[in-house]
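# one predicted model, sequence on top.
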Amino acid sequence: MKEEFLKILKTIKREGIDDLIKFIESTDFFTAPASTRFHGDYAGGLVEHSMKVYEILVEKVKNSPVKLDISEDTLKIVALLHDICKANFYKVDYRNAKNALGVWEKVPYYTVDDTIPYGHGEKSVMMITEYMKLTSEEKYAIRWHMGFTEPKEQYGTIGLAYKKYPLALLMFEADLEATYLFDT
């Protein structure tokens, strides 16, 4: 999956993409989980989840009931990089658990090691913009991809963002579908 992910990223025609790719390759992005327990909580889960979000988002935009003029590069950027904030974010720890025979043993699990506590969507935007410029639409789509899983105090702001940038709403839907319909 790493090769396919990189192949798609390398087709983006944006200044700074090569440096961003080098950064991604220097992290654990391709071996990291997508979460600690909700979806893709296994090595490689993050890249698998990102690829599935991309696949779903492309179809959503293509089949949107309203005409959307969104570039291929924008779709690649927002879908594949929306969770870049999870690179170097998880670590393996151990806890005691009973095995199938009822014997206690140490088992590995993922835990969060957030060395850059800047949020989630906003952290991904920040990390990407250290290497290349994003359009406003891309920033909003990445920032608000968690949608209504954000605190309820944000709902008004999220709604405004979705009205202004429909791609942000489609991105939330694609992320949600990838998480609950496809990730394990």
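That came through, no problem. Numbering: from 1, shown residues only.
# CA atoms of the longest helix seen in the chain as CSV?
The longest helix of the chain (DSSP state H) is helix 45-62. Extracted C-alpha coordinates of helix 45-62, given in CSV (Å, rounded to 0.1, in the frame of the first residue of the first chain):
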residue,chain,number,x,y,z
GLY,A,45,-3.9,1.0,9.4
LEU,A,46,-3.2,4.7,8.8
VAL,A,47,-2.1,4.3,5.2
GLU,A,48,-5.0,1.8,4.5
HIS,A,49,-7.5,4.2,6.0
SER,A,50,-6.1,7.2,4.0
MET,A,51,-6.3,5.2,0.7
LYS,A,52,-9.9,4.2,1.4
VAL,A,53,-10.9,7.8,2.2
TYR,A,54,-9.3,8.8,-1.1
GLU,A,55,-11.2,6.1,-3.0
ILE,A,56,-14.5,7.1,-1.4
LEU,A,57,-14.0,10.9,-1.8
VAL,A,58,-13.2,10.6,-5.5
GLU,A,59,-16.6,8.8,-6.0
LYS,A,60,-18.5,11.2,-3.8
VAL,A,61,-17.2,14.2,-5.8
LYS,A,62,-17.9,12.5,-9.1
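# quick check: mean pLDDT across it?
Helix 45-62 comes out with an average pLDDT of 97.
# contacting residues around that helix?
Contact partners of helix 45-62, identified using Cβ atoms under 8 Å, 6 or more residues apart in numbering, comprise 1-2, 4-5, 8, 29-30, 32-35, 39-40, 68, 70, 75-76, 78-83, 86-87, 167, 170-171, 173-175, 177-179, 182-183. Glycine gets a C-beta too; all of them are placed from N, C-alpha and C.
# try it again with 7 Å
Contact with helix 45-62 is made by 1-2, 4-5, 29-30, 32-34, 39-40, 68, 70, 75-76, 79-80, 82-83, 86, 170-171, 173-175, 177-178, 182-183, as judged by Cβ atoms under 7 Å, 6 or more residues apart in numbering.
# select only the buried ones of these in ChimeraX?
The following ChimeraX line selects those of those that are buried, judged by 16 or more other Cβ atoms under 10 Å:
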select :5,29,30,32,33,34,39,40,70,75,76,79,80,82,83,86,170,171,173,174,175,177,178,183
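# OK, contacts around residue 144?
With contact taken as Cβ under 7 Å, 6+ apart, residue 144 is in contact with 121, 158, 161, 168, 172.
# picking up where we left off before, so what's the gap between the longest helix of the chain and the chain middle?
9 Å (Cα atoms, centre = their mean, to the nearest Å).
# wait, isn't residue 168 in contact with residue 160?
No - judged on Cβ atoms under 7 Å, residue 168 makes no contact with residue 160 at a distance of 10.1 Å.
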